[in-house]
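Engineer: here are the coordinates; sequence isn't available:
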């Protein structure tokens, strides 16, 4: 699989299919160097950050016992994060990091594999290289080599970091292997998904969606417990959980995990043999000969471009909201008297019954804001691919064109926040209490967060006008600063004053004494920034 | 208004590279005007400025009598454009894209659309991501031709078409001229320009090097003369305007400036001629003459990058 092997005359058919893998590995390392660096450091950071803070988060046996009881009593933690298998600080840290670390590890692996295989194929770059002496499966093999190696690097970094903060060797190695195996499981899913569909976005969504669904299957099994515990053995995510780092590790669970990874890689190669370059195993669907009657303007086109992802997001958010509302309400009714609930209630200045929801809703505004930024960046994609030129060379003004895209980016988070509020209210109301009152209460709360998201969207829109090449970097940076300062403030690392200056999110949070005046200010700020972006867009070249 | 496009002393720089360096371009109403130049000559940049997408650094640009940078959207009701590298929305079918682009213009004639779709043999069910380059180009061509505007701006419209479709394209463009439309056609395919265009502007490194009808351009160029003589080719080499003389026995081959033809013919007649061909230069030869002897290599490299 190395470059010299590719350069030598090829003897066997197996070699011929993989010829040039070494070249493609180097190409992938060059092409995805930023993605790889961000992915690996983020994943390692999630695990190591949690482990490093574990001692200070749960300093006393009482604090650890409190957390342990909390994990037994609030099913949400088990559903979304993981079970805990011991009340030690490091086992609690592993519990807390499990979901974020495995999901982040899998996401990066999925992106690397899709970018190295299906994306190269759809863009036609694969054909460009096809003339060179590359084997038919060289791209798949190269992507998997890159992910396997990345997983090894990740495991080494995690294990090294955990040992450096003085944690037990067995647990450190186990948690490191869980992280690496999550990446490899994700890579296996992506390697199969790219054989099935002919769109790179669809393939990535299919692989990551499957991984997330399997994570939730594990969660449902673990949350229900008892007779339903077998569900956790149904999916690799349950096996990952059952490695139980820092809690009497079960090493034998690694065997089925490695077998799963090997089988999924093998399946990908078998499927790759059965299809043509450029196509998928799922047949390509034709489109309509005539456009629907409503597809007659740029805003209609923008809706058409976003509706599928919006629908998927709405369903995901609604399911989360319903589950949280329903289970959360029960947990709250039962545990409203617990000391940590009372403390949180006092801190957030809300009614005790709502504390848990407020906490969760504020955490959920970030993924919704991420989808809003993604929507806002679509206009840049339209510009750089050239599809936008078809409209702009027609009677569509550039301001109207950009505003249609901006409007979608402002509307998407409002819709998702509304869906989230309604579904939490519905779940909570069905769990006991007035359905309509709960829906109104929670929807009011979720919608009150929209102005903060709008500011992030507005900065992205303005960046598209003023610094088009950097607009993705600017949008994601603004959102990341919001998320990171939120975490840093909670950990006491930065002063509140800084958080209030660099992030729009505290201004919609009741804890920071938000007033309707603050909401209006955010709306005005978003409008002004957007207007500045439109002004800049009118003065620049397209495409730039 | 008898000038659809009027460009004077147009310059455009992208950072340190010069894309356009004093471009002049005049397109008369009702003509098919060829914009001829190699890759990187600045054709696409010039077209983007005409469309008001890119802003000129200096120079005058008038499109249908107005300033395309200021009045872009209004002007675009009166023109249609086919980009050189057509990108479509990956999830939309060809039919949806044609309908959308037509409706954004305020509607197109469905019969015209159907006729063009049939002539270009376009499969409307295919989605944007699945079209080949040629088929993407056909979608953009049908959309532009169906728009029924006074001006068509086509940027290398046939670069992905097969020969059959190229022939259809030529027929359709010829029909458009007879209907009074003005066409600006950028190309580096010489036979296409030769077959279609009334007038041609040749640009190199962002500058117009020659402009006129094909007849006028030929007038500026040397003709190729081959002859079989009855006697030795004495005195031919010394004639003014005669170049590249090759003599093999009784056969001679030379290039002659048009201004020197009269003296050349007299001399040939005096020498005695058994066979004689005089051929105008093909556009290929014109092209080679203008692009093989390229000074300002740095400027040209810059323009290529800018594209």
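Structural biologist: Okay, I see it. Given the structure is predicted, the values throughout are model-derived calculations rather than measurements.

Engineer: show me what contacts residue B:201?
Structural biologist: By CB atoms under 8 Å, 6 or more residues apart in numbering or on different chains, residue B:201 lies in contact with B:24-25, B:33-36, B:208, B:210-211. All C-beta spots, glycine's among them, are computed from the backbone N, C-alpha and C.

Engineer: one more time with 10 Å
Structural biologist: Residues touching residue B:201, when contacts are defined by CB atoms under 10 Å, 6 or more residues apart in numbering or on different chains, comprise B:7, B:23-27, B:33-37, B:43, B:46, B:184, B:186, B:208-212, B:217.

Engineer: can you check residue A:51 too?
Structural biologist: Taking CB under 10 Å, 6+ apart, one finds A:89-90, A:93-94, A:96-97, A:158, A:161-162, A:164-167, A:171-172, A:175, A:245-246 in contact with residue A:51.

Engineer: ok, back up a step: which of the contacts of residue B:201 count as buried?
Structural biologist: Buried members of the contacts of residue B:201, scored by 16 or more other CB atoms under 10 Å in any protein chain shown, are B:7, B:23-27, B:33-37, B:43, B:46, B:184, B:186, B:208, B:210-211, B:217.

Engineer: just to revisit the earlier point, narrow the contacts of residue A:51 to those that are buried.
Structural biologist: Buried, going by 16+ other CB under 10 Å: A:89-90, A:93-94, A:96-97, A:158, A:161-162, A:167, A:171-172, A:175, A:245-246, out of the contacts of residue A:51.

Engineer: farthest pair within those?
Structural biologist: Distance extremes for these: the farthest pair is A:89 and A:158 at 17.1 Å, using CB to CB.

Engineer: just the ones of the contacts of residue B:201 in strands?
Structural biologist: Applying DSSP state E to the contacts of residue B:201, the entries found in strands are B:7, B:23-27, B:33-36, B:184, B:186, B:208-212.

Engineer: name the nearest residue to the one residue in the stretch 1-150 of chain A that gets nearest to chain B, ignoring sequence neighbours.
Structural biologist: In the stretch 1-150 of chain A, no residue comes nearer to chain B than residue A:122, which is 6.6 Å away by CB to the nearest CB. Excluding the flanking residues, the one nearest residue A:122 by CB to CB, 6 or more residues apart in numbering or on different chains is residue A:200, at 5.5 Å.

Engineer: spit out the contact partners of that neighbour.
Structural biologist: For residue A:200, the contact set (CB under 10 Å, 6+ apart) comprises A:111, A:114-115, A:117-123, A:193-194, B:90, B:129.

Engineer: count the residues that sit near residue B:88.
Structural biologist: Number of residues near residue B:88 (other CB atoms under 10 Å in any protein chain shown) recorded here: 24.

Engineer: lowest confidence element among the helices and strands of the chain?
Structural biologist: Looking at chain A here, since you left the chain open. helix A:3-7 (a mean of 43; mean pLDDT, DSSP states H and E).

Engineer: not quite, go with chain B.
Structural biologist: Between all helices and strands in chain B, the lowest mean by mean pLDDT, DSSP H and E belongs to helix B:297-306, at a mean of 42.

Engineer: for the stretch 151-300 of chain A, give me the ranges with low pLDDT.
Structural biologist: The stretch 151-300 of chain A contains residues with pLDDT under 70 at A:277-278, A:283.

Engineer: in it, what residue spans correspond to helices?
Structural biologist: Along the stretch 151-300 of chain A, counting by DSSP state H, counting those that start in this stretch, helices occupy A:169-196, A:200-224, A:236-242, A:254-273, A:298-335.

Engineer: got it, and the stretch 51-200 of chain B?
Structural biologist: Along the stretch 51-200 of chain B, the segments classed as helices by DSSP H, counting those that start in this stretch run B:72-75, B:94-104, B:110-119, B:133-146, B:163-178, B:190-196.

Engineer: the helix or strand hosting residue B:20 packs against which elements?
Structural biologist: Assigned by DSSP states H and E, residue B:20 belongs to strand B:17-28. Applying 3 or more CB pairs under 10 Å, 6 or more residues apart in numbering or on different chains; DSSP states H and E, one finds that strand B:17-28 makes contact with strand B:3-14, strand B:32-36, helix B:43-50, strand B:58-63, strand B:182-187, strand B:199-204, strand B:207-213, helix B:297-306.

Engineer: which residue does the stretch 251-400 of chain A bring closest to chain B?
Structural biologist: Going by CB to the nearest CB, chain B is nearest to residue A:287 of the stretch 251-400 of chain A, at 2.4 Å.

Engineer: next one: that residue relative to residue B:127, how far apart?
Structural biologist: 5 Å (CB to CB, to the nearest Å).

Engineer: quick check: neighbours shared by these two?
Structural biologist: Shared contacts of residue A:287 and residue B:127, counting by CB under 10 Å, 6+ apart, come down to B:91-94, B:96-97.

Engineer: list the contacts of residue B:274.
Structural biologist: Applying CB under 10 Å, 6+ apart to residue B:274 gives the contacts B:227-230, B:250-251.

Engineer: ok but it is inside a strand, no?
Structural biologist: Yes. With DSSP: H, G, I helix; E, B strand; the rest coil as the criterion, residue B:274 is part of a strand.

Engineer: picking up where we left off before, among the helices and strands packed on strand B:17-28, which is nearest residue A:26?
Structural biologist: Closest approach to residue A:26 among these is made by helix B:297-306 (25.8 Å; CB to CB).

Engineer: contact partners of the helix or strand that contains residue B:269?
Structural biologist: Taking DSSP H and E as the criterion, residue B:269 maps to helix B:261-271. Outside helix B:261-271, the residues that touch it by CB under 10 Å, 6+ apart are B:222-223, B:225, B:227, B:229-236, B:238-242, B:250, B:252, B:254, B:256-257, B:260, B:273, B:276, B:278.

Engineer: next one: it to chain centre, how far?
Structural biologist: Taking CA atoms, centre = their mean, to the nearest Å, the mean C-alpha location of helix B:261-271 is offset from the chain mean by 36 Å.

Engineer: mean confidence for it?
Structural biologist: Mean per-residue pLDDT for helix B:261-271: 88.

Engineer: so, low pLDDT: which residues of chain A?
Structural biologist: In chain A, residues with pLDDT under 70: A:1-15, A:129-133, A:277-278, A:283, A:327-341, A:344, A:348-354, A:356, A:491, A:513-514.

Engineer: these two touch, right, residue B:142 and residue B:124?
Structural biologist: Yes. Between residue B:142 and residue B:124 there is a contact under CB atoms under 10 Å: 9.4 Å.

Engineer: between those two, who's got more neighbours?
Structural biologist: Counted by other CB under 10 Å, residue B:142 and residue B:124 do not tie: residue B:142 has more neighbours, with 29 against 20.
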